[in-house]
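*Asks:* Quick one, fold the following:
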Amino acid sequence: MKDVESARTAASRGGASRPGAFQASASMVEAGFFCWEIATGEISCDPLTLALHGMRTDGRSDISDFLAAVHESDLVEVRDALTLIAKSCGNYQIEYRVTSGDGRQRSLEARGRVLPGSDGLPARMVGVVMDTTAVHERHEAERRRFHERATRDRWMRELTAALAVAVTVKDIMAAAQAGLRTFGADALTVVAPEGNRLAVVASCTDDEQGEDSPPVLDATARALVEESLNRRAPVLVGSADALTTDYPHLAPLAPPTPQAWAALPLTDSRGRVSSCLVSFPEPQEFLPEERALLVAAIGLLSQSLERAGMYESEHALATELQRGMLPRGPLAVPGVTIAARYQAATSGMWIGGDWYDAISLPDGGVALVIGDVQGHSVHAASLMGRLRTAVHAYANEGHPPAAVLERTNRLLAELNTDPDRALFATCCYLALDPSKGTLQVCRAGHPAPALVTPRKRPRLLKVPGGLPLGIDREQQYPTTRLRIAPGSVLALTTDGLLEAVNKDIDQGTETFLKGLRSACTADLETVVDDLLAGTRKAHGLGDDVAVLLARLDRPDRRR
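*Replies:* As a prediction, the model looks like this:
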């Protein structure tokens, strides 16, 4: 019994209601009459009531015939309601469903009054039965439309929030993908004219398929996109029949899989026009409210895609500029195997100040250097280039590690004449003699290097250090001397790697050391790639990363 509380009765909690106190819940419905003799179970009905219940008209009917017509899901509640009705006089109202002979489910509402017999006890119930199917269907359609509207409004809020932080085309299409089902769509494709052809700029489907390869535009898609571009107005086709009517030249083609289409033009800030084609697996009415919401959503998408294109172009420029300041090609030093990587921050002109270097020293050794200039800007990147050049020059002059850092510190302090543009930098400088296995380490505010010794767990070196470069012009830097065994690996990185996932440097350091366990025997190029792969899992990497691994070759490998 649909939406019934046992027996929505006026007397369900004891006692009858006043006569005639029926609630009007339906209008413009068919109604039949009935009379139920409670003692015998016999029911007398007019033809309409019999027809509504699918009961025979050629004989007498009883309550069992009536119950046989009730839908099984409502049967228990109807039985309970009849039991209650038989106990007291008064007005009653019951809702239930029946299944007609053609298999269609109908909603009925019975309203009646129980009359007493000569002994004052309930004897018979008389009343009407009304077919409320149309009323229920209308209410259900209104409820469904309200739910769909609320869902779309919520998705628009979520889309706006997602697009506000999305900086790549991939992020934007992921946000759009979440709303395809909200609109009943199954695919979205952004198409832009390039010369005499149409090129797919971005696309997504509701099942995440075809994300890696742009979809191929069929004749239908091309015709609708070209129409929207020529008219600079939305082109809405609600069904396959409407498609063949409006575009008869498409009729000879194979029936398209989509059943409805919406091609909406997009205009960017420079006046360039593209089109967004949304396809639907079912026919669509494109009601005014839905159309307005769809146009608004595509407008937000267009603005975000333009912004993402600018960000990605800037990011590519920034990354290229940054890489141009770093050593080109593999770092090759006799007696040492080196692998290094630089990974830029996620997007935009976030040019970082991270750098690394491997410098051949006059005494036959090698200097391993890693540094990080504060901030992300063109100024930080240019300053990084000057510091890297200075360190390289001082090292080539044969200065020991402490002298290299002290001279570089004074240089940066002299450059920091403008307090508003002053920057500091961290640096770690290692001088390694491959033939003797001796190592000198100097550190200026930078994370300590890690050492991986054969058959031992990776560990951070306990290296005292001084302030970052550029803060105190007279700062001195202590030097730590130690010896490392052949096959050992030195690992230097910037804080961008140690804080990549959740800004927890302790957890980041533990993960970093864990990633170095196989460094003594594995290919260093693979090891460094694996270290960076962990940072890419962190959505929205906000800092650049530099990593340098150096393994002291064994004597047999040196020969």
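*Asks:* Arg231: what's its closest spatial neighbour, skipping adjacent residues?
*Replies:* Pro265 (7.8 Å; C-beta to C-beta, 6 or more residues apart in numbering). C-beta: built from backbone N, CA, C; applies to glycine.
*Asks:* Surely the one you found and Ser274 touch.
*Replies:* Yes: under the criterion of C-beta atoms under 8 Å, Pro265 makes contact with Ser274 at 7.4 Å.
*Asks:* Give me the common contacts of those two.
*Replies:* Leu229 (C-beta atoms under 8 Å, 6 or more residues apart in numbering).
*Asks:* thinking again about what came up before, any idea which element the residue nearest to Arg231 lies in?
*Replies:* Assigned by DSSP states H and E, Pro265 belongs to strand 260-267.
*Asks:* Show me what that strand is packed up against.
*Replies:* In this structure, strand 260-267 packs against helix 219-231, strand 235-237, strand 273-280, helix 288-324, with contacts taken as 3 or more C-beta pairs under 8 Å, 6 or more residues apart in numbering; DSSP states H and E.
*Asks:* between the ones you listed, which gets nearest to Tyr96?
*Replies:* The minimum distance between Tyr96 and those falls on helix 288-324, with 35.1 Å, by C-beta to C-beta.
*Asks:* Bridged to Ala199, which residues?
*Replies:* In this structure, Ala199 has the following beta-bridge partners (DSSP bridges): Ala192.
*Asks:* quick one on the thing from earlier: run through who's touching the strand holding Pro265.
*Replies:* Around strand 260-267, the neighbours that count as contacts under C-beta under 8 Å, 6+ apart are 190, 220-221, 224-225, 227-229, 231-239, 243, 273-280, 282-284, 286, 294-295, 298-299, 301-302, 305.
*Asks:* ok, the closest residue to Glu312 other than its chain neighbours to His446 distance?
*Replies:* Nearest non-adjacent residue to Glu312, counting by C-beta to C-beta, 6+ apart: Thr168, 6.4 Å away. When distances are taken as C-beta to C-beta, to the nearest Å, Thr168 and His446 turn out to be 31 Å apart.
*Asks:* neighbour count winner among the two?
*Replies:* When Thr168 and His446 are compared on other C-beta atoms under 10 Å, the one with more neighbours turns out to be His446, at 24 against 16.
*Asks:* sec struct for Asp153, please.
*Replies:* Classification of Asp153 by DSSP: H, G, I helix; E, B strand; the rest coil places it in helix.
*Asks:* so how many other residues sit close to it?
*Replies:* 12.
*Asks:* what does Ala134 give?
*Replies:* 15.
*Asks:* How about Arg481?
*Replies:* Using other C-beta under 10 Å, Arg481 is surrounded by 10 other residues.
*Asks:* now it, what's its secondary structure?
*Replies:* Look at Arg481: counting by three-state DSSP, its state is strand.
*Asks:* That one and Cys442 touch, don't they?
*Replies:* No: assessed by C-beta under 8 Å, Arg481 is found out of contact with Cys442, at 10.4 Å.
*Asks:* re the thing from before, what about the residue nearest to Arg231, distance to Leu121?
*Replies:* To Leu121, Pro265 is 77 Å away according to C-beta to C-beta.
*Asks:* In terms of packing, which of these two has more residues around it?
*Replies:* Pro265 (21 against 14).
*Asks:* Now for the closest residue to Met384 other than its chain neighbours, which secondary structure element holds it?
*Replies:* Counting by C-beta to C-beta, 6+ apart, Met384 lies nearest to Gly353, which is 4.1 Å off, once chain neighbours are set aside. Taking DSSP H and E as the definition, Gly353 sits inside strand 352-360.
*Asks:* Now that strand: buried residues?
*Replies:* By neighbour count, with 16 or more other C-beta atoms under 10 Å as the criterion, the buried positions of strand 352-360 are 352-359.
*Asks:* List the buried residues of stretch 217-226.
*Replies:* Taking 16+ other C-beta under 10 Å as the criterion, stretch 217-226 shows 217, 220-221, 223-226 as buried.
*Asks:* for Ser61, what are its contacts?
*Replies:* Contacts for Ser61 (C-beta under 8 Å, 6+ apart) come out as 42-45, 50, 55.
*Asks:* can you name the two of those that are farthest apart?
*Replies:* Farthest-apart pair in these is Glu42 and Leu50; separation 13.7 Å (C-beta to C-beta).
*Asks:* Settle it for me: which of the two has more neighbours?
*Replies:* Using other C-beta under 10 Å as the criterion, Glu42 and Leu50 rank with Leu50 on top: 21 against 14.
*Asks:* got the CA positions of the helix or strand hosting the more buried one in PDB?
*Replies:* Leu50 is part of helix 47-53, with elements assigned from DSSP H and E. Written as PDB, here are the backbone C-alpha positions of helix 47-53 (Å, rounded to 0.1, in the frame of the first residue of the first chain):
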ATOM      1  CA  PRO A  47     -19.100  -2.300 -13.100                       C
ATOM      2  CA  LEU A  48     -16.400   0.400 -12.800                       C
ATOM      3  CA  THR A  49     -15.200  -0.800  -9.400                       C
ATOM      4  CA  LEU A  50     -15.100  -4.400 -10.700                       C
ATOM      5  CA  ALA A  51     -13.200  -3.200 -13.800                       C
ATOM      6  CA  LEU A  52     -10.700  -1.300 -11.700                       C
ATOM      7  CA  HIS A  53      -9.900  -4.400  -9.700                       C
END
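*Asks:* Strands along the stretch 451-559 of the chain, start to end?
*Replies:* Ranges of strands within the stretch 451-559 of the chain are 459-460, 479-483, 489-493, 545-552, based on DSSP state E, counting those that start in this stretch.
*Asks:* helices or strands next to the first one in the packing?
*Replies:* Packing contacts for strand 459-460, counted by 3+ C-beta pairs under 8 Å, 6+ apart, involve strand 450-452, helix 505-514.
*Asks:* Identify the residues contacting that strand?
*Replies:* So strand 459-460 is in contact with 448-451, 509, 513, going by C-beta under 8 Å, 6+ apart.
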